[in-house]
Structure formats: C-alpha cells, structure tokens
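Peer 1: from the sequence below, what's the structure:
(one chain, ligands or ions: 2)
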Amino acid sequence: MQQSNLRIARIAAHINPPNLQMLEEDLGLERVNCRAKGASSGFKVAILGAAGGIGQPLAMLMKMNPLVSLLHLYDVVNAPGVTADISHMDTSAVVRGFLGQQQLEDALIGMDLVIIPAGVPRKPGMTRDDLFNINAGIVKTLCEAIAKCCPKAIVNIISNPVNSTVPIAAEVFKKVGVFDPKRVLGVTMLDVVRANTFVAEIMGLDPREVDVPVVGGHAGVTILPLLSQVKPSCSFTQKEIDYLTDRIQNGGTEVVEAKAGAGSATLSMAYAAVKFADACLRALRGDPAVVHCAYVASEVTELPFFASKVRLGRNGVEEIYPLGPLNEYERAGLEKAKKELAGSIQKGVSFVKK
Ligand SMILES: NC(=O)C1=CN([C@@H]2O[C@H](COP(=O)(O)OP(=O)(O)OC[C@H]3O[C@@H](n4cnc5c(N)ncnc54)[C@H](O)[C@@H]3O)[C@@H](O)[C@H]2O)C=CC1
Ligand SMILES: O=C([O-])CC(=O)C(=O)O
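Peer 2: Numbering: from 1, shown residues only. Ligands and ions are numbered 1, 2, ... in the order given. Down below sits the predicted model:
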C-alpha cells in the first residue's frame, strides 16, 4: 500500500470500525488488530457530543484515564478530526470516531459507560430551560439508541436542562422496558466543584480538602448547597451563607456572562465530568466507598428525581443517602427547589409520553 493511501486508511480507521478492519487486512498487522479490539483491560466509554466545547476536553481527559481501554467519540460534526487528534496521545486507551446518526449504533455497542454532553449551550439572558426545545429531542434520540445497543451501560447526562433531560432518558428507557434507575445519572458534579472552590476561597482552605454536599437539581434555586454539612466543619456568617448560596446557584450564569455569547462552562465542566466518570469507573471496578452527589431517580423527597449523595458500585447507584439534618435556611431553600424541580421533571416526562 502506498504511503498516501496508508495515511488515508489510518484516518478512515479512526472514523469507523469496518475501515479499521480494512486497514488490518491491508497491512496484515497483528498489532493493529489487537489494539482495535481494545485488548488492554479496562472499560469501554462513549462520549456523545464529543466534538463540542465540553466534548473535546472531556475526550482528552478520558484518553488520559488509565481505567479506559476503548474510547468512542461520537458527534454529528467534526468527530474524525477530534478523534485523529486525540488518538495520537501516547496513553493506552484506543480511540475510535463515529460521525452522524448512521454511525451512532456502532458507537454504542458494547459500551460500559456513556457520557452525554450533546446539545446547545446557553447564551446570556437564557435559562437552562430555554434549551429544552432543542436538547430534549437530542437526548431522546441518543437514549433510544443506548436502550437498543447498550442498555446495561451507566449513562452520565450532562446536556441541559439536566432537571428535565434525566427524566426524559428514564422515560425513553421505560418505554422499551430497560429502565434501571441505578444506571441513569444526571451530572451535578460541577455544582459541587464550584461549591468546594468558593468555600475554600473564603475560608482560606485547600479546595481539594473541602466537600460541600449540593442537592436538589441543576438550575438556579434547585441547586441547593448544604453549607451546614461542609467538611471540614466550617462556621459561616449569614452574609457568607447568602453570598456562597447565590454564587453557587448562579455559577453557570457567571460563566455564560463572562463568555459573552461564546457558550457556557466547558473546561470546568469537562474537569467535573471526568471526576464523575472516573468515580463511576472505579465503582464499576469494585472500589468501595465511592460517594458523590448526582441527580437520580430517588425517594429522598416526594419527587421522582433528586440530587443527593449516592454511593456508586458495580451496578451504578447502590445507595442513596438522605439529606441529613437541614437548618431553617436550607429547609426554606429545599421547598423552593422542590417547587421548581417538580415542573421541570413533569416537562421532561410529558415530552416523551406525548
Ligand atoms: N450538567 C452541567 O453541569 C453542564 C451542562 N452543560 C450543557 O452541556 C451541553 C453541551 O455544552 P457545550 O459542549 O458547551 O456545547 P457545544 O455546542 O460546544 O457542543 C455540543 C456538541 O453537541 C453536538 N451535537 C448536537 N446535536 C447532537 C446530536 N444529535 N448527537 C450528537 N452530538 C450532537 C454538537 O455538534 C456539538 O459538537 C449544553 O446543553 C450545556 O448547557 C454545560 C455545562 C455544565
Ligand atoms: O450554565 C449553563 O448553562 C451551563 C451549566 O449548566 C453550568 O455551567 O452549570
């Protein structure tokens, strides 16, 4: 095979598996074959929306994760370029790209973990709910394919509005009888990451040592930081509580405004998504005591979905922790959060049931 053809074949090999097989046949390379099968032990992870603002740094960070043996990058645009780029990193995960709806199923077959950052982001002046009309349909389509191709995969949903897209995913899975509430998780890790950072800032602590539980959901008042339960134990003035609660609830808007029309949080979100995905993979491996906040099907309140601390295990969510003792300020916040969440959940459910 001529050098230029070989180069083209290599690029094509990153786009879809049949071409990778062609490359193996043409070159007769045992080695290519081994790598293509994801021979190293580890987990198979797909990112849907991998060419986007979150998708690209998320893909890069997952390629660096030693727990990942095979990384599938799917998008409706630019997947081949991102895949070719990331595949040159000398880390062990094998990377394959998948472009467009006709390759979605190939992207999903055999996956252990599917991460979804597909969809449009906010511009200044918009709420997350303003994204519903576009993103609801995207998440529905992607989840229909997951239900068909890898119904046992753990699904991490990043696409906004998370308060509605997680119920959408659940309804899609229910419709075809494969809903497992342990396996569908809305990613609220960025709220925790922000809360840890902002608390550390005002208390003069190392953010890596701070743990703030953030419960409820992922939009405005539904984001409820439990500052009375911060570890290490901190005592805040009422002024500090007001400042921190407001900043944590509006952290996303702070970034949207600073980016002034160029999108919302991408880099901190990719960091948070990887922190969460890594926790899911460690739990799948059997590590004990993997506990994080996530937005899941829950009985912690009267609502069918709620974010709180969950223990992750080999099957996804193994245990959902109660909210713990709340002070009066937090109890009032909880009531506000539940009111808004109820509407967002119903909107998601109705979208699929209509
Ligand atoms: N859960 C959270 O804490 C956060 C959620 N987000 C949300 O994440 C989503 C993505 O944000 P960005 O990456 O900044 O947006 P972006 O526009 O930069 O990237 C989105 C990607 O999704 C792709 N896409 C669109 N339709 C698709 C489909 N049907 N299938 C597969 N891919 C598709 C686009 O081609 C694009 O590459 C937004 O909905 C945003 O609001 C953003 C930050 C934090
Ligand atoms: O604010 C947004 O639109 C994106 C997001 O969810 C966040 O940064 O928390």
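Peer 1: which parts of this protein sit against ligand 1?
Peer 2: Residues of the chain found near ligand 1 (CB under 6 Å from any ligand atom) are 48-49, 51-55, 75-77, 117-122, 131, 135, 138, 141-142, 158-160, 162, 187, 190, 218, 263-266, 269. All C-beta spots, glycine's among them, are computed from the backbone N, C-alpha and C.
Peer 1: just the ones in strands from those, please.
Peer 2: If you go by DSSP state E, those have 48, 75 in strands.
Peer 1: roughly how far does the residue in the chain positioned nearest to ligand 1 sit from residue 263?
Peer 2: When scored by CB to the nearest ligand atom, the chain has residue 52 as its residue closest to ligand 1, at 2.0 Å. Noted for residue 52: a distance of 9 Å to residue 263, by CB to CB, to the nearest Å.
Peer 1: neighbour count winner among these two?
Peer 2: Shown here are residue 52 and residue 263; by other CB atoms under 10 Å, residue 52 has more neighbours (27 against 16).
Peer 1: run a quick neighbour tally on the residue in the stretch 1-150 of the chain positioned nearest to ligand 2.
Peer 2: Nearest residue of the stretch 1-150 of the chain to ligand 2 (CB to the nearest ligand atom) works out as residue 122 at 3.7 Å. For residue 122, the count of nearby residues is 22 (other CB under 10 Å).
Peer 1: with residue 210 instead?
Peer 2: The number of residues packed near residue 210 is 20, by other CB under 10 Å.
Peer 1: what score does it have for pLDDT?
Peer 2: Predicted confidence (pLDDT) for residue 210: 98.
Peer 1: re the thing from before, show the contacting residues for the residue of the chain closest to ligand 1.
Peer 2: Counting by CB atoms under 8 Å, 6 or more residues apart in numbering, residue 52 makes contact with 75, 117-118, 266.
Peer 1: swap the cut-off to 10 Å and go again
Peer 2: 58-59, 75-78, 82, 117-121, 158-159, 263, 266, 270 (CB atoms under 10 Å, 6 or more residues apart in numbering).
Peer 1: what subset of the residues you listed is buried?
Peer 2: Restricting those to buried positions leaves 58-59, 75-76, 78, 82, 117-121, 158-159, 263, 266, 270, with burial counted as 16 or more other CB atoms under 10 Å.
Peer 1: spell out which residues of the chain are next to ligand 2.
Peer 2: Checking the chain against ligand 2 by CB under 6 Å from any ligand atom, the hits are 121-122, 128, 160, 190, 251-253, 255-256, 264-265.
Peer 1: buried by neighbour count, from the residues you listed: which ones?
Peer 2: For the residues of the chain next to ligand 2, buried by 16+ other CB under 10 Å: 121-122, 128, 160, 190, 251-253, 255-256, 264-265.
Peer 1: any chance of those residues in JSON lines, plus pLDDT?
Peer 2: Shown next, in JSON lines, are these (pLDDT from 0 to 100):
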{"residue": "121", "pLDDT": "98"}
{"residue": "122", "pLDDT": "98"}
{"residue": "128", "pLDDT": "98"}
{"residue": "160", "pLDDT": "98"}
{"residue": "190", "pLDDT": "99"}
{"residue": "251", "pLDDT": "98"}
{"residue": "252", "pLDDT": "98"}
{"residue": "253", "pLDDT": "98"}
{"residue": "255", "pLDDT": "98"}
{"residue": "256", "pLDDT": "98"}
{"residue": "264", "pLDDT": "98"}
{"residue": "265", "pLDDT": "98"}
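Peer 1: out of those residues, what pair is the most spread apart?
Peer 2: Using CB to CB, the two most remote members of these are 121 and 251, lying 14.4 Å apart.
Peer 1: helices of the protein, start to end?
Peer 2: All helices of the chain, identified by DSSP state H, fall at 3-15, 17-27, 30-36, 55-63, 79-87, 104-108, 132-149, 162-175, 189-203, 238-249, 251-259, 267-285, 328-353.
Peer 1: what residue ranges in the chain are flagged as low confidence?
Peer 2: Low-confidence segments of the chain (pLDDT under 70): 1-40.
Peer 1: and the gap between residue 300 and residue 336?
Peer 2: Distance, residue 300 to residue 336, by CB to CB: 17 Å.
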